[in-house]
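In: starting from these lines, generate the structure:
(chains A and B)
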Amino acid sequence: MNEPNGHEELEALLRGMSVKRPSEELDRRVLHPGRRSWALWLGVAGGLAAGFALALAGMRGWNAEKPVPPEARVPEARPEIPRTVDNGAKDWPASPSCLQRVWCAYQDAGIVGEKENQPVRRVDRQALREVILYDPEHKRTIQWTVPEKETVFLTAEPY
Amino acid sequence: MDSKRLEDLYVRHRQGLFLLALSITRCPAAAEDAVHEAFARLSEGRTELAGDGVAYVFSSVRNAAIDQVRRRRTEQEHPASLYNGHAPSPEVSALAAERDRALRQAVDGLSPEQQEAVVLRVYAELSFEQIADVCGAPLPTVFARYQRALEKLRDRLGSLK
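Out: Coordinates of the predicted model:
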């Protein structure tokens, strides 16, 4: 069946055409599944650096503003964190236009705040350990492994 | 499953696997998701790959791509082509550029089964026996699909002359 079939010229033409190629991101996802992308590491490093700089400024008294009395503080608007983990949904996500958002909270210290609040492209439904975040600005996906002590909460919300 | 073996299979066949998934999902992001999902499942599985494992891996990616389409439910508004739509370079004659454009459109317009046969044979370079395994179809059926697909493409090109 692999003998000449009379279409060799056409096959050669087809082979010479420029086909779409998979991205390097896919190579990383398949060949190094546990590794976070450089963008996430950069974000974490940036956050740590900013926190360190703020702490340093506070220690040196550079922050000259008077502290705000507790009664004058306006609570920050926080998205409501769903109380259920949607890990049993079939046919998830519902449609490409209804992508999901994800929040993380630390299990052992109660809910201490939202972590990255980014649109999610796909989640491993069985384990909720691996989240594929979609970066709409750069039109690419970022793989993120959920740390052991964190829980992922999902809600259906278009972005 | 032996991860080294899976890695080798991915590195050798990534282009063919991606194009197979793209021909089913018609969306590059979903195609990449399908390839990733298939390899994630394979690496978790305990089944040993039969033979050289090529047909099995292609078959897994095919199933994952079909799952992607089912999950999305809605039809792609602008189905992606298998080909890049580069502007022709100055060295390429107008006739050759027109021929390539017609061929791109003709391949994109094939039935899903015929397109699958072309992708697996021409770009993934699988044997017809392997293609039959991947598609779960009898060998003569797969061969006939491929022949009909190329005849269609040839007719399309012939009409340009």
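
In: poorly predicted segments of chain B, please.
Out: Along chain B, segments meeting pLDDT under 70 span B:1, B:46-47, B:73-77, B:86-92, B:159-161.

In: tell me where it has helices.
Out: For chain B, the helices defined by DSSP state H occupy B:3-25, B:28-44, B:54-72, B:94-108, B:112-118, B:128-135, B:139-158.

In: tabulate those (a markdown table), appending distance to chain A and mean neighbour count.
Out: Any C-beta I mention is one placed from the backbone N, CA and C, and that applies to glycine too. Output for these, formatted as a markdown table (distance: least, C-beta to the nearest C-beta, whole Å; neighbours: other C-beta atoms under 10 Å in any protein chain shown):
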| stretch | distance to chain A | mean neighbour count |
| --- | --- | --- |
| helix B:3-25 | 4 | 20 |
| helix B:28-44 | 4 | 22 |
| helix B:54-72 | 6 | 20 |
| helix B:94-108 | 6 | 15 |
| helix B:112-118 | 7 | 21 |
| helix B:128-135 | 4 | 20 |
| helix B:139-158 | 4 | 17 |
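
In: turn those into a markdown table, columns for distance to B:Asn84.
Out: Below are those laid out as a markdown table (distance: least, C-beta to C-beta, whole Å):
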| stretch | distance to B:Asn84 |
| --- | --- |
| helix B:3-25 | 12 |
| helix B:28-44 | 11 |
| helix B:54-72 | 20 |
| helix B:94-108 | 9 |
| helix B:112-118 | 17 |
| helix B:128-135 | 25 |
| helix B:139-158 | 18 |
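
In: which stretch among those comes nearest A:Gly16?
Out: Nearest to A:Gly16 among these is helix B:94-108; the distance by C-beta to C-beta comes to 8.6 Å.

In: and the contacts of that closest one?
Out: Applying C-beta atoms under 8 Å, 6 or more residues apart in numbering or on different chains, the contact partners of helix B:94-108 are A:13-14, A:17, B:79, B:81-83, B:85, B:88, B:92, B:115, B:118, B:152-153, B:156-157, B:160.

In: show me how far it is from its chain's centre.
Out: Distance of helix B:94-108 from its chain centroid, counting by C-alpha atoms, centre = their mean, to the nearest Å, is 19 Å.

In: A:Ser18 versus B:Ser93, what's the distance?
Out: When distance is defined by C-beta to C-beta, to the nearest Å, B:Ser93 is 16 Å away from A:Ser18.
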